[in-house]
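**Q** coords below, sequence missing:
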């Protein structure tokens, strides 16, 4: 083998996912793209807000010299200032511009955090179900992902996290609003988690970080508040992006924010800046930094996603599907009516419906539906959802 | 220590560079920015070509739906096709769109290549002097950089490379036009290198890749041709960017191109796509992909850099400095008139001239000057260059 053995193994072990996607592509080629109901991807269906387009145009038209040049690896100072001020207002934590590092999306942000903090064989605890990429991100930097269980409603199980902590634990990685469950962790849970990490950091004699991956923060329904980790635990970091807020996931623009009261903050910030540079990100894309600096707090119309959620939830509920109603993000994570959810996902494929098995998220017996799709995709797919369910009911 | 021990070590060991930059910043704050002659950075002084601005504006004005959405991790198919067709015309290698992966600059490209191919403790040979980041990139993915010497004129020493090859060698990494020397490797050298790697791959029983980092390909002087690795060795890969061609280094747009005749090409391409995804790049920035697809072969006016090169070279030559006249890129790498080049770089600082010691490039006794600066910076600095040299002559 000429490529790395580990990478070849990753390719081999994910071949079932590739086969599923190939089957989806095959169905689309037979039946036409519009006659296959694709709930498998987290690609936002809404266009970017009008303000985004107008602001991008005005920046491009009034292009200042150096607008596309290198800047400090952490990003333009005025952009970091705008972001820090917005977080301070939104989350009640007194961030300064130096507490923010502009990144290539949340994925880039998570990688620079893990690069900065992981010693060999360090462990990262994450509540399952979890975003499948976390395992790769930990492994990239010599660490190991340790999934722990959540409660039946996918809420944090603080006892399970406590039992998961060892002398090798370097961080707990949470994602709220959650992909794939749509759960939003309440403030009381985050406060308990903060207390636990303070106590455990003390007993093992070094910092356990709390990393909050929150690209769906703005996508929360029914007036719910997404609580901030920054006010619950000082050694916390946020990794996030504008991918879902502004429907621009292809542009790779996001940031890492460090709690202003973090221990040993100067070397942590230096480590993050160095990681951004040496992992090859160098800096977050320059033009998009300038664009988002003027669009703090702007986001797509969340009511659109809420309507899609209701359309899908109400339909599936009527047929007898069991699930936790999502409080945020744009995913639904129902129980499979048959123990082996891959069998059920295949039954859905027979109905030209594409879904992702829960095994991919560390949660066999469930499947994920992304409802960031046209309303028509949802309504047209409902009869197929009903027929597939009836086969196993 | 709460951050990774290795990262803390990197920060500590690069503290002398930080001190140098701090000294530069101090000088600028005392004397004013325009009275400090900063030759330490590779940030292009030329504005992007007018065509770039016009094309960017037209794309932003006529924004198609999905222009900022996710696309395949390797990039938009029509963009990869435009790039492949251009490389095919420019370098005479029959690349198809699937042989190209759009990346976050050349730095992102090098990292996904190394992630895809490196097994633990694999070695990457690179001719010294070399771009300082290579050591970090190899280390990121569990590999080790093995610098080997070049000839006195900084040309490839094929014998030194041959002696450097071991059973752990996974790749040879070259950079032409070279940072920091400005050397362009002739076709005959690349052919000899190809012959060597073919022979050594056979004798050690697996592929040794040739990786060509070539962000300065378009910046070559005096009508010189920059030969292609693709026609000299089948297991070759190019990592490059539009940072210098178009003066847009902040935008992080580049690509990896794989030789169409590479062995086991399908799994290599899968490995590169997976690495792009799991390292957190996900994909190259969407808008800039579209922009560069319409600007193949467009670049800044190289005559401008040639004039700056001549201005600096002629001046330094008159004072007695010894150097190899650069055939490409925008760096000059003169010998220090005193063995410890850090002493000389400090003497230049006394003249308010900022340079980088060669030790940072694996070549003590030299120093690097970036001449991608205003002509006035060069002409105004010349008397200081003369005075500093005379101290040691």
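**A** The structure has been received and is ready for your questions. In this text the structure is predicted, and so the values were computed from the model without any measurement.

**Q** what about the worst-scoring helix or strand of chain A on mean pLDDT and chain B, touching?
**A** Taking mean pLDDT, DSSP states H and E as the measure, the helix or strand of chain A with the lowest value is helix A:15-31, at a mean of 82. No. Applying C-beta under 8 Å from any C-beta of the partner chain, one finds helix A:15-31 out of contact with chain B, separated by at least 9.0 Å. Heads up, the C-betas are built off the backbone N, CA and C, glycines and all.

**Q** same check on stretch A:59-76?
**A** Yes. Legend: contact between stretch A:59-76 and chain B by C-beta under 8 Å from any C-beta is shown at A:60-61, A:63, A:65, A:67-71.

**Q** report the buried residues of the least confident helix or strand of chain A.
**A** Within helix A:15-31, the residues scored as buried using 16 or more other C-beta atoms under 10 Å in any protein chain shown are A:20, A:24, A:27-28.

**Q** same check on stretch A:344-356?
**A** A:344-345, A:347-349, A:351-356.

**Q** quick one: the strands in the stretch 101-250 of chain A?
**A** A:123-127, A:144-148, A:169-175, A:209-213, A:236-241 (DSSP state E, counting those that start in this stretch).

**Q** could those strands be laid out in TSV, adding mean pLDDT and distance to residue A:388?
**A** Below are the strands of the stretch 101-250 of chain A laid out as TSV (pLDDT from 0 to 100; distance: least, C-beta to C-beta, whole Å):
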stretch	mean pLDDT	distance to residue A:388
strand A:123-127	98	29
strand A:144-148	98	28
strand A:169-175	98	28
strand A:209-213	98	32
strand A:236-241	98	34
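
**Q** turn these into CSV, including mean neighbour count and distance to chain B.
**A** Converted to CSV, the strands of the stretch 101-250 of chain A look like this (neighbours: other C-beta atoms under 10 Å in any protein chain shown; distance: least, C-beta to the nearest C-beta, whole Å):
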stretch, mean neighbour count, distance to chain B
strand A:123-127, 25, 13
strand A:144-148, 18, 12
strand A:169-175, 24, 9
strand A:209-213, 26, 8
strand A:236-241, 27, 10
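
**Q** so which bits of the stretch 251-393 of chain A are right by chain B?
**A** Near chain B, when you scan the stretch 251-393 of chain A using C-beta under 8 Å from any C-beta, you find A:251-252, A:263-264, A:267-268, A:270-271, A:274-275, A:277-288.

**Q** no, scratch that, I was asking about the stretch 51-200 of chain A
**A** A:53, A:56-57, A:60-61, A:63, A:65, A:67-71, A:104-105, A:107-112, A:115-119, A:133, A:136-137, A:140-141.

**Q** buried among those? Make that a PyMOL selection.
**A** To isolate the buried subset of those in PyMOL, counting by 16+ other C-beta under 10 Å, use the following:
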select buried, chain A and resi 53+56+60+63+67+68+69+70+71+104+105+107+108+109+110+111+112+115+116+117+118+119+133+136+137+140+141
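
**Q** picking that back up, so for the next helix-or-strand element following the least confident helix or strand of chain A, what's the average pLDDT?
**A** The helix or strand immediately downstream of helix A:15-31 is strand A:37-38, counting by DSSP states H and E. For strand A:37-38, the mean pLDDT works out to 94.

**Q** and the angle for the helix or strand that strand A:37-38 is followed by with helix B:50-61?
**A** Once the chain leaves strand A:37-38, the next helix or strand it forms, by DSSP H and E, is helix A:50-61. With axes from the mean of the first three to the mean of the last three C-alpha atoms, to 10 degrees as the basis, helix A:50-61 and helix B:50-61 are set at 170 degrees to each other.

**Q** who touches whichever helix or strand comes after helix A:50-61?
**A** Following helix A:50-61 in sequence order, the next helix or strand is helix A:77-91 (DSSP H and E). Counting by C-beta atoms under 8 Å, 6 or more residues apart in numbering or on different chains, helix A:77-91 makes contact with A:74, A:93-102, A:228, A:230-231, A:238, A:255, A:257, A:289-290, A:292-294, A:296-297, all of which sit outside it.

**Q** buried among those residues? Make that a ChimeraX selection.
**A** Those of the contacts of helix A:77-91 that count as buried under 16+ other C-beta under 10 Å are selected in ChimeraX with:
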select /A:74,93,95,97,98,99,100,101,102,228,230,231,238,255,257,289,290,292,293,296
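
**Q** what about the contacts of helix A:77-91, which are in strands?
**A** A:100-102, A:238, A:255, A:257 (DSSP state E).
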